[in-house]
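Asker: Whatever this is, show me its structure:
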Amino acid sequence: MAETKVKAASRTAGKPQTAANGQAPSPAAKTAIATLKQPEPMLPGAPSAQDKGLTTKAASKAKAKPASALKYPKEIYLRWYEQMQLMRKFEDKAGQLYGQQKIKGFCHLYIGQEACVAGAVSALQVGDKYITAYRDHAHPLALGTSPGAVMAELFAKATGCSKGKGGSMHMFDREHNFVGGHGIVGGQVPMGAGLAFAEKYNKTGKLCICYMGDGAVRQGALHEAFNMAMLWKLPVIFVIENNGYAMGTSVARTSNVTELYKLGLSYDMPSESVNGMRVEDVHEAVARAAERARAADGPTLLEFRTYRYKGHSMSDPAKYRTKEELEEKRHQDTIEAVRHTILSNNMATEEGLAAIDERIKNEVQAAVDFAENSPYPTPDELYKDVYVQNDYPYIHD
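Answerer: Predicted structure coming up:
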């Protein structure tokens with residue numbers, strides 16, 4: 001049978017040398033720039049205004065900082081914008097295709113949470129491992145997996161990144177160090193600790209970042225993994241993507257501890273709450289955690305306070321929240337915040353961003369065409385990839 005596995009195309013970016021103002025980048029900027037080899041808020045552009053207590057309306061009119069005062073050069077902001085727009089437009093299209101029944105089964109969209117991935121990828125190194133739960137389409141896209149391979153997996157086609165066997169909830173891409181996509185709630189947490197153990201044992205200097213939802217923190221395996229990770233000082237960053245609702249139930253109704261980062265304090269684990277709607281905040285928090293991990297100081301727990309605009313899955317009408325709540329959160333959109341920063345600091349023009357949007361739209365459509373024209377797995381694929389040993393006996397008669 002012809003080989004059906006498709007090698008994911010890498011989405012890479014050039015390495016910039018200077019900041020937007022022509023000066024040498026700051027140390028923080030150098031860290032972010034170096035990681036752009038892998039493809040890789042508050043009101044748009046005005047977080048500082050809100051920090052000073054301005055109203056939402058006033059904050060939107062606040063004067064943006066000059067480009068010279070920004071922490072990161074335009075190359076980083078443009079990369080963040082491009083990555084997050086790819087995630088957003090890909091997920092928008094996936095939602096449409098699900099409605100057309102071209103994508104079947106469970107489908108959990110990432111719309112609204114894009115900064116949680118984009119900021120982490122820019123802060124980490126090529127070779128670091130990523131593992132997450134079943135809301136997993138955006139992570140491989142940001143790491144460089146081709147949109148066609150991700151879309152084909154949603155279509156259950158042989159050219160998908162998991163050869164059509166995983167679907168929406170079980171994306172994998174070994175080439176880009178994405179270790180899944182896991183459907184069991186909290187099941188990836190001890191796996192993330194195990195990946196970090198392997199990095200430490202093999203002295204690679206790399207780490208694992210392990211994402212989970214707010215609902216996973218009630219799993220016993222999480223506490224066992226936290227204890228062992230601290231005991232052995234494993235290079236792992238635990239991330240709670242707290243979007244406010246575990247499926248359809250708010251955090252306040254399921255946990256006495258609503259500031260979830262505090263769970264790490266029981267193990268003396270460095271822990272902090274992060275504004276997951278600001279990509280800059282995500283980048284900086286992950287960079288701090290990574291520095292500790294690489295210095296053999298052990299794990300960190302980060303709680304990304306984020307929000308999903310859609311329901312838990314495509315079958316969820318999200319009637320447990322009000323339209324007013326959703327509208328308020330949309331005013332904090334992470335992509336619009338980056339867009340505002342780019343435009344108000346003359347990093348790009350409206351036309352330039354529109355060109356990026358159009359290119360990404362075409363890229364997503366090409367991914368759909370690729371998926372639709374790809375073959376389904378043949379029946380004998382059912383018996384492959386079960387064991388590492390290719391000729392393992394007793395799989396079937």
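
Asker: quick one, helices of this structure?
Answerer: 27-34, 47-51, 56-60, 74-99, 115-123, 138-143, 147-154, 188-201, 220-231, 251-254, 279-294, 323-330, 334-344, 350-373 (DSSP state H).

Asker: Any chance of JSON lines for the ones you listed, columns mean pLDDT, distance to Tyr267 and mean neighbour count?
Answerer: In this view, the C-beta of every residue, glycine as well, is placed from N, C-alpha and C. Output for those, formatted as JSON lines (pLDDT from 0 to 100; distance: least, C-beta to C-beta, whole Å; neighbours: other C-beta atoms under 10 Å):
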{"stretch": "helix 27-34", "mean pLDDT": "46", "distance to Tyr267": "27", "mean neighbour count": "17"}
{"stretch": "helix 47-51", "mean pLDDT": "34", "distance to Tyr267": "31", "mean neighbour count": "17"}
{"stretch": "helix 56-60", "mean pLDDT": "35", "distance to Tyr267": "37", "mean neighbour count": "15"}
{"stretch": "helix 74-99", "mean pLDDT": "95", "distance to Tyr267": "32", "mean neighbour count": "22"}
{"stretch": "helix 115-123", "mean pLDDT": "97", "distance to Tyr267": "22", "mean neighbour count": "28"}
{"stretch": "helix 138-143", "mean pLDDT": "96", "distance to Tyr267": "26", "mean neighbour count": "28"}
{"stretch": "helix 147-154", "mean pLDDT": "97", "distance to Tyr267": "35", "mean neighbour count": "28"}
{"stretch": "helix 188-201", "mean pLDDT": "98", "distance to Tyr267": "12", "mean neighbour count": "21"}
{"stretch": "helix 220-231", "mean pLDDT": "96", "distance to Tyr267": "5", "mean neighbour count": "18"}
{"stretch": "helix 251-254", "mean pLDDT": "82", "distance to Tyr267": "20", "mean neighbour count": "13"}
{"stretch": "helix 279-294", "mean pLDDT": "98", "distance to Tyr267": "14", "mean neighbour count": "22"}
{"stretch": "helix 323-330", "mean pLDDT": "82", "distance to Tyr267": "31", "mean neighbour count": "12"}
{"stretch": "helix 334-344", "mean pLDDT": "96", "distance to Tyr267": "30", "mean neighbour count": "22"}
{"stretch": "helix 350-373", "mean pLDDT": "97", "distance to Tyr267": "41", "mean neighbour count": "15"}
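
Asker: Now tabulate the ones you listed in TSV and tack on distance to His176.
Answerer: Output for those, formatted as TSV (distance: least, C-beta to C-beta, whole Å):
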stretch	distance to His176
helix 27-34	17
helix 47-51	31
helix 56-60	37
helix 74-99	13
helix 115-123	10
helix 138-143	4
helix 147-154	10
helix 188-201	14
helix 220-231	24
helix 251-254	32
helix 279-294	17
helix 323-330	30
helix 334-344	22
helix 350-373	16
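
Asker: Nearest to Asp214 among those would be which one?
Answerer: Among the helices of the chain, the nearest to Asp214 by C-beta to C-beta is helix 251-254 (5.4 Å).

Asker: to the chain's geometric centre, what's the distance from the closest one?
Answerer: Helix 251-254 sits 24 Å away from the centroid of its parent chain (C-alpha atoms, centre = their mean, to the nearest Å).

Asker: burial of Gly244, as a residue count?
Answerer: 18 (other C-beta atoms under 10 Å).

Asker: do you know how far the closest residue to Cys210 other than its chain neighbours is from Pro73?
Answerer: Nearest residue to Cys210 in three dimensions, chain neighbours excluded: Gly192, at 2.7 Å (C-beta to C-beta, 6 or more residues apart in numbering). Gly192 is 32 Å from Pro73, where distance means C-beta to C-beta, to the nearest Å.

Asker: same check, this time on Gly119
Answerer: Gly119 is 16 Å from Pro73, by C-beta to C-beta.

Asker: Could you do Ser344 as well?
Answerer: Ser344 is 15 Å from Pro73, by C-beta to C-beta.

Asker: repeat for Tyr81
Answerer: Taking C-beta to C-beta, one finds Tyr81 at 13 Å from Pro73.

Asker: for the residue most central in space within the chain, what are its contacts?
Answerer: For the chain, the residue nearest the mean C-alpha position is Val117 (2.7 Å; C-alpha atoms, centre = their mean). Neighbouring residues of Val117 by C-beta atoms under 8 Å, 6 or more residues apart in numbering: 83, 87, 110, 138-139, 142.

Asker: So of these, which two are at opposite extremes in space?
Answerer: Going by C-beta to C-beta, the pair spanning these furthest: Gln83 and Tyr110, at 12.0 Å.

Asker: quick revisit: give me every residue that touches the residue nearest to Cys210.
Answerer: 131, 208-210, 225, 236, 238.

Asker: And Met171, how far from Val185?
Answerer: 17 Å.

Asker: neighbour-wise, which of these two wins?
Answerer: Met171 (28 against 19).

Asker: quick one, phi psi at that one?
Answerer: As for Met171, its main-chain torsions (degrees, to the nearest 10) stand at phi -80, psi 140.

Asker: Gly264 versus the nearest residue to it once chain neighbours are set aside, what's the distance?
Answerer: Spatially, and ignoring its direct neighbours in sequence, Met171 is nearest to Gly181 (4.0 Å; C-beta to C-beta, 6+ apart). To Gly264, Gly181 is 24 Å away according to C-beta to C-beta.

Asker: quick one, which of the two is more surrounded?
Answerer: Between Gly181 and Gly264, counted using other C-beta under 10 Å, Gly181 has the larger neighbour count: 27 against 22.

Asker: show me the residues around the more buried one that make contact.
Answerer: Gly181 neighbours (C-beta under 8 Å, 6+ apart): 132-134, 136, 162, 166, 169-172.

Asker: Among those residues, which one lies nearest to Glu280?
Answerer: Within the contacts of Gly181, the smallest distance to Glu280 is 21.6 Å, found for Thr132 (C-beta to C-beta).

Asker: Distance check, the closest one against Cys116.
Answerer: Thr132 is 10 Å from Cys116, by C-beta to C-beta.

Asker: Equivalent analysis for Asn256, please.
Answerer: With C-beta to C-beta as the criterion, Asn256 and Cys116 are 25 Å apart.
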